[in-house]
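Trainee: Build me a model:
(2 chains)
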Amino acid sequence: MLEIEIDGKKINTPAGGTIMDAANQVGIYIPHFCYHKKLSIAANCRMCLVQVEKAAKPLPACATPVTDGMKVMTRSEYAIKAQKGVMEFLLINHPLDCPICDQGGECSLQDLAVGYGGSQARYQEVKRVVTEKDLGPLVATDMTRCIYCTRCVRFGQEIAGIMEMGQIGRGEHSEIMPFISRTIDSELSGNIIDLCPVGALTSKPFRYTARSWELSRRRSVSPHDGLGSNLVVQVKNGRVMRVLPLENEAINECWLPDRDRFSYEGLNSPERLTRPMIKQEGVWREVDWQVALEAAANGIRDIRQHGENPLGGLASPHQTLEELYLFQKLLRGLGSRAVDARPRQTDFSRDGAQCGALWLGMPIADLNHLDRVLLIGSRLRQEQPLIAHRLRVAVRHGARFMLINPIDDELLMPVTHKAIVPPQAMVQHLAGVLVALAAKSGKAVPEGLVAGLSGIEPDSVAQAMAEELMSGERKAVLLGNLALHHSAWGDVHTLALAIAQMSGATLGILSEAANSVGAWVAGAVPSGQGDMSFADMVDSPRKAYLVLGLEPELDSHDPAKTLAALKKAGLVIGLAAWKPAQADWADILLPIAPFSETAGAFVNMEGRVQSFHGAAMPLQEARPAWKVLRVLGTMLGLSGFDYDDVDSVRRALLPTGDLPDGALSNGLSSLRFDGVVMTEGLTRVGDVPPYRTDALVRRAEVLQRTDGVFASAHPDVLAGIGIVSGAHVRVRQNDAVCDVVLTADTQLAPHCVRVAAGVAEYAGLGAMMGAISVERVS
Amino acid sequence: MVIVGGEVVFNTAHLPESWKLDTYVMHGGYTALRKVLTEPMSAEAIIAEVKKSALRGRGGAGFPTGLKWSFMPRHYQGEKYLVCNSDEGEPGTFKDRDILMLNPHALIEGMAIAAYAMGVKRGYNYIHGEIWHAYERMEAALEEARAAGFLGSNILGTDFCFDLFNHHGYGAYICGEETALLESIEGKKGQPRFKPPFPASFGLYGKPTTINNTETFASIPYIIREGGQKFLELGKPNNGGTKIFSVSGHVNKPGNYEIHMGTPFAELLEMAGGIRGGRTFKACIPGGSSTPVLPADIMMQCTMDYDSIAKAGSALGAGSVIIMDDTVCMVKALERLSYFYFEESCGQCTPCREGTGWLYRVVHRIEHGQGREEDLALLDDVAHNIGGRTICALGDAAAAPVQAMLKHYRHEFEYHIEHGNCMV
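Mentor: Numbers count the residues shown, from 1 in each chain, chains lettered A, B, ... in the order given. Below you'll find the predicted structure:
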């Protein structure tokens, strides 16, 4: 520790820090623009110049290391003169357009100019004008306002992992811009809006729609991926206008993926379901709540005597903990043991052995400190943009990163070993890694795996991966969405668990949805022998279904099969915030409030229960789903539905407010593996594109404009049927067919055809990770 | 243009094909390298010799070379680099290009000795963008040196290995700033880095790096061959050796003059043939455009060495002596200088990016009869707000000429503002 003095205050501060760090430590504010705690030091704005005793000139606080006995004056006449001098320079070419600038009211330059700017300009020459840059649909530019702090440039290089902005030209003629004729395409691009200290980079969708001081701010939690990013939802006249990150170092730090930041557009979509609707003789009619609820209750009463589990419950894992809890309570109260909130999973063979809710296995922040990572089945950047960032940090600090995946994505970090193989071969490769690990470590494989592993010969990549996993201190085996949606998820889970156990690594599941963990905790999954899984409810259709927040045509593993099951049912009641996008699968639609209009909680992938209040009132006649379920329960004569508020619902489930001990586990009570089943023919890789994951983000039109290609195939597949990249083909999964344009994709494993899931155009297709065939069309 | 050789750098400049290896070797070339490698001299002994010589950096800052070399972490495991700064681009400078053209092997030999002393295996010579012919000459010299075994692996049969490469810049003045130069070699936009860390600990590609000027390196063979003491005695204490002065402006014989440090300025002016057309000597910028201007009477009292010029209130800089006679309008001269810094500011940090344009515009306004009464105070203040506030010395370089011109020739500026035209 060093002892220094800032503005007369004696401080003990660690060696290696800067004056800025020391000042922050004691709450002394030093004005700055380019400095940002999460970015490298640039020292280019010079606003943080301070006086240091015995220094010949003012020194930048952000870049000057502290030395023992240093005396710093941040507010001396000398320091203030230097700071004012810099402010004058910053303002000479900055337009005086605050009244029409979106940054107005939340602008660092505006704020600091109050303290350090002159009231009249001494600069009376012409001002610089910089041409606008097209950064794509999300970020608007007014580059004349730019003060060249290079935060956006450094963000790309250091956080997003890809340099998309840079400075060209010299002196006054220099400009901050993207590569020529390129836009900003990073999945984290919106963060440069927050980072920009002036109005040079602003939000395009938000532009000119509100002033910052008109907005009320509400804390919330992102309803998309399993990270549970903390949000500030900003509301004007009951309408969500903008979403910003709420800093939480343990979760999203100060960042937000574009999905979390811009999906709010869907909250205001014209497709919102705002009144209850009933379909009578094929025609939809708007009705009032009383009529709709009575119709729903009567319908349920009519079928509840018909056989075992007549009523199936299909829920989305993006719903709140309280909603999922009441949903399953309603179904179970009605005697039905058919409820599941894992619509995209298809292999439920290990449900009986699962010991708890699947989770990350460690705190999110620990990811930064891993030194060995084996990632299985994940399009990491699109599934978990900020987990990808944390793993890049780990790799930058020397972690070895390994990948087993059907797609060779550009992860913006060095991958030490990778196996890019078709889905079935992923199982084989995992088995290979396990066999190699056993051979190298001399440990025995668990008994239930011996038979299945016989005859497995690890290839050189599997050997190398095993070798890496033998070394290192902090290791993790992580499973992503493509693993969860795998047709042999049970085998993948089993083998990954065995690999983790044998190598001393932590097994982690990168939860797909905001409340995947919560769905398990709430009991919205099968809980024992005789309970029906999502697949069971689809394979043997129920008499009636209750659908919560789910769009079956886009959110289920096999939309064709799911829709067929729903069509066969006598009654389908949908609780939905948006009108069904594609298929007319419901008979009664009850308008529910999306996350921003209800209170509740999500449980994220590290098992953290994060509650939030509604940021806005429910739109028109939409109502929070927990209230709808409460009323339905009461109308159906069930006991235990007399909750006063959402907190009491949560307390019923989680008396302490936290998860009970043992709620989280990636373990399996028994391990078995019967061997690799390799199939002939082509396999579909139906990943869910980043902006198609759930009903809300699918309505955020601006995000859709950043979409990439949705259908592609390994070049050999195209050559095999004699077509070129970009040709129209017909893809077939059993009876489901769809015409697509297939492009060649060398990043895809052989024998794979990628047709994305969650995309309206391909909604009629079958299993996301199932067999597929491709035919030429004339 | 005149080239007058001295004992150290331009000792063979008068010979036909002085740049050829044969000529160089015939006149004692590479004996110093042979001496350090075969005697062998220890690294400590070489650095001690350089310290004894009182050789100071010829690029402009005048930092003692031996001291700089001793900063290089001797026992660092891993790659270290040696870089020669041949990015000569300041108005008034033109000595390094003549070294590259006339005595490239002195540079190569000097760098090889430096590399040996600092345990470096790889060096780069960063050549300014606008002297392609010098780059080609230097390339040919490297070829010769490699073929003769003075560069590459196992030099002169020892286990010393050193590879040297030329790197061609593209003409940005800022790339002469040593850390911007390193960025440029790395393939990035040439912008200075904030220091600390200094290149000796975090230089090229983040590795320990020593950077010296062309003339500095070219002086090394003499120091090793003849001894540091002899070099020191060519000049005066704390200002050892000879120095090349690039005399330009209103003299009869502009050119490069390699003379002993401490030579009276009057002598140098006489060597250069005196003031053109018998006119009156008005002012001199003694070390390149970034050094403050000195009026003739002060300059005539100076000797040509670091200490004397510093005492007079300017700097020896790179030894780029710009002579102005009484036809020169100082407002016009400053306008031209300010334009240079306005154009060459890299744009990275605020005071220089914004301030250099402001300075230029105000001076331009005064020169064109649009000056205002408050402009001189404004110029003073803006220059003061740039100097000492920037990442690199370009800010100081832009501010210094303004401050010096106003100090010595304020009346000319006042006349311009008052009358809208020039007094000379």
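Trainee: is it true that residue A:578 touches residue A:272?
Mentor: Yes - between residue A:578 and residue A:272 there is a contact under CB atoms under 8 Å: 5.8 Å. The C-beta positions use only the backbone N, C-alpha and C, and glycine is treated the same way.
Trainee: and those two? which has more neighbours close in?
Mentor: Taking other CB atoms under 10 Å in any protein chain shown, residue A:578 and residue A:272 do not tie; residue A:578 has more neighbours (23 against 19).
Trainee: just the helices in the stretch 51-200 of chain B please.
Mentor: B:65-70, B:96-102, B:104-118, B:132-147, B:178-185 (DSSP state H, counting those that start in this stretch).
Trainee: mind saving the C-alpha coords of the third one as PDB?
Mentor: Provided in PDB are the C-alpha atoms of helix B:104-118 (Å, rounded to 0.1, in the frame of the first residue of the first chain):
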ATOM      1  CA  PRO B 104      24.500   3.700 -44.600                       C
ATOM      2  CA  HIS B 105      27.000   1.200 -43.300                       C
ATOM      3  CA  ALA B 106      27.900   3.500 -40.300                       C
ATOM      4  CA  LEU B 107      24.300   3.200 -39.300                       C
ATOM      5  CA  ILE B 108      24.300  -0.600 -39.800                       C
ATOM      6  CA  GLU B 109      27.500  -1.000 -37.900                       C
ATOM      7  CA  GLY B 110      26.300   1.300 -35.100                       C
ATOM      8  CA  MET B 111      23.100  -0.600 -34.800                       C
ATOM      9  CA  ALA B 112      24.800  -4.000 -34.700                       C
ATOM     10  CA  ILE B 113      27.100  -2.800 -31.900                       C
ATOM     11  CA  ALA B 114      24.100  -1.400 -30.000                       C
ATOM     12  CA  ALA B 115      22.300  -4.700 -30.500                       C
ATOM     13  CA  TYR B 116      25.200  -6.600 -29.200                       C
ATOM     14  CA  ALA B 117      25.500  -4.300 -26.200                       C
ATOM     15  CA  MET B 118      21.800  -4.700 -25.300                       C
END
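Trainee: Is residue B:22 part of a helix or strand, or is it coil?
Mentor: When classified by DSSP: H, G, I helix; E, B strand; the rest coil, residue B:22 comes out as helix.
Trainee: Now do the same for it: its pLDDT.
Mentor: At residue B:22, the model reports a pLDDT of 97.
Trainee: same deal with residue A:583?
Mentor: Reported pLDDT for residue A:583: 66.
Trainee: Next: the one 10 residues further on.
Mentor: What the model reports as pLDDT for residue A:593 is 98.
Trainee: For residue A:177, which non-adjacent residue is closest in space?
Mentor: Residue nearest to residue A:177 in three dimensions, not counting chain neighbours: residue A:133, with 4.9 Å by CB to CB, 6 or more residues apart in numbering or on different chains.
Trainee: Got phi/psi on that neighbour?
Mentor: Reported as degrees, to the nearest 10, the phi and psi values for residue A:133 are phi -120, psi 140.
Trainee: Wait, it touches residue A:178, no?
Mentor: Yes - between residue A:133 and residue A:178 a contact is recorded at 6.1 Å, counting by CB under 8 Å.
Trainee: so what's in contact with the two at the same time?
Mentor: Contact criterion CB atoms under 8 Å, 6 or more residues apart in numbering or on different chains; residues shared by residue A:133 and residue A:178: none found.
Trainee: contacting residues for residue A:452?
Mentor: A:431, A:672, A:673, A:674, A:675, A:676.
Trainee: again, but for residue A:598
Mentor: Residue A:598 sits next to A:320, A:323, A:592, A:614, A:618, A:624, A:625, A:626, A:646 when contact means CB under 8 Å, 6+ apart.
Trainee: Could you report the separation of the fifth one from residue A:274?
Mentor: Spelled out, that is residue A:618. 9 Å (CB to CB, to the nearest Å).
Trainee: Looking at those two now, which is surrounded by more residues?
Mentor: Counted by other CB under 10 Å, residue A:618 and residue A:274 do not tie: residue A:618 has more neighbours, with 20 against 17.
Trainee: isn't that one right next to residue A:595, touching?
Mentor: No - using CB under 8 Å, residue A:618 is not in contact with residue A:595, being 11.5 Å away.
Trainee: Which positions in the stretch 51-200 of chain B make contact with chain A?
Mentor: When proximity is defined as CB under 8 Å from any CB of the partner chain, the stretch 51-200 of chain B approaches chain A at B:172, B:174, B:189, B:191, B:194, B:196.
Trainee: who's in contact with residue 400?
Mentor: All of this refers to chain A. A:371, A:372, A:373, A:416, A:468, A:472.
Trainee: looking at chain B here, not the other one
Mentor: Shown in contact with residue B:400 (CB under 8 Å, 6+ apart): B:290, B:291, B:292, B:387.
Trainee: Pretty sure the second one sits against residue B:315.
Mentor: Spelled out, it's residue B:291. Yes - if you go by CB under 8 Å, residue B:291 and residue B:315 touch, sitting 4.4 Å apart.
Trainee: shared neighbours of these two, which are they?
Mentor: With contacts taken as CB under 8 Å, 6+ apart, residue B:291 and residue B:315 have residue B:309 as neighbours in common.
Trainee: Could you check which of the two is surrounded by more residues?
Mentor: residue B:291 (28 against 19).
Trainee: That one: which element?
Mentor: Here residue B:291 sits in a region with no helix or strand, counting by DSSP states H and E.
Trainee: Can you give me every residue that contacts it?
Mentor: B:285, B:309, B:314, B:315, B:316, B:317, B:400.
Trainee: Count the residues that sit near the residue lying closest to the second one once chain neighbours are set aside.
Mentor: Spelled out, it's residue B:309. Leaving aside its sequence neighbours, residue B:309 sits nearest to residue B:316 (CB to CB, 6+ apart; 4.6 Å). Neighbour count of residue B:316, defined by other CB under 10 Å: 28.
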